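J.: for reference, the sequence and a predicted model appear below.
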Amino acid sequence: MILRRLGRSWAARIGFSAAMVASVMGVSSPPASAAPLKLPLAVVARDFQFLGVPGRLPAATYDLQFINISRTEEHEFVAVNLGPICSKTITTVAAAKALLDGGQDPDVVCPGNTFEGGVDAGPGGRARQTLTLTPGRTLYFCGVPDENGTPHFDLGMIGFINVFSVPGRF
């Protein structure tokens with residue numbers, strides 16, 4: 001379901017991430033002392049909005065707990081750093097919707113963009129995913145369409161996180 005209506009570039013990155021997760025399942029984990037620090041981040045999805053997404057976060061790796069409290073709708077949380085050009089030009093939700101609805105290749109429209117993570121869950125479901133946020137403007141959204149084909153970001157499931165640098169990181 002992830003990125004059903006978006007360009008192949010971001011969809012391919014999500015597919016690659018899912019394949020990587022699947023390939024390491026069942027492999028023993030490294031000792032806890034060797035694991036990089038992950039900050040907790042909980043995001044709740046309901047029809048048709050996200051709850052718990054801060055407008056500002058430090059650049060870091062997050063342990064994203066995604067909770068879908070909808071009884072009928074699948075939802076996803078996709079995060080993309082817009083890169084240096086689109087961070088300056090895509091500053092409103094309307095502009096972000098136009099970018100996503102445009103069906104253009106994000107690598108052409110927003111050179112330097114970075115897919116930072118994505119996760120989905122069915123109605124009443126939960127999922128966990130690692131999310132690595134880098135400095136800049138991150139667009140987050142749900143691209144799942146409703147029964148009429150309208151993507152959830154057009155119904156309000158869209159926003160921005162301003163990710164700031166932390167001295168000594170990135």
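T.: Everything's here; your move. Fair warning: this is a prediction, and the values are worked out from it, not measured in the lab. Numbering: from 1, shown residues only.
J.: use CA for all of it now, contacts and neighbours both
T.: OK.
J.: could you report the neighbour count for Thr91?
T.: Using other CA atoms under 10 Å as the criterion, Thr91 is surrounded by 13 other residues.
J.: can you pull the phi/psi pair for it?
T.: Geometry field for Thr91 lists phi and psi as phi -110, psi -10, criterion degrees, to the nearest 10.
J.: who's in contact with it?
T.: Not one residue lies near Thr91 by CA atoms under 8 Å, 6 or more residues apart in numbering.
J.: so for it, what's the pLDDT?
T.: For Thr91, the pLDDT comes out at 94.
J.: how far away is it from Ala79?
T.: Distance, Thr91 to Ala79, using CA to CA, to the nearest Å: 15 Å.
J.: so what's the residue nearest to Tyr140 when sequence neighbours are not counted bridging to?
T.: Ranked by CA to CA, 6 or more residues apart in numbering and with sequence neighbours excluded, the top spatial neighbour of Tyr140 is Ala79, at 4.4 Å. Assessed by DSSP bridges, Ala79 has beta-bridge partners Gly117, Tyr140.
J.: roughly how far apart are Ala79 and Glu116?
T.: 5 Å.
J.: report the set of residues contacting both of these two.
T.: Common neighbours of Ala79 and Glu116 (CA under 8 Å, 6+ apart) do not exist.
J.: after the worst-scoring helix or strand of the chain on mean pLDDT, which helix or strand is next?
T.: One helix or strand of the chain scores below all others by mean pLDDT, DSSP states H and E: helix 8-24, with a mean of 39. Downstream of helix 8-24, the next assigned helix or strand under DSSP states H and E is strand 39-46.
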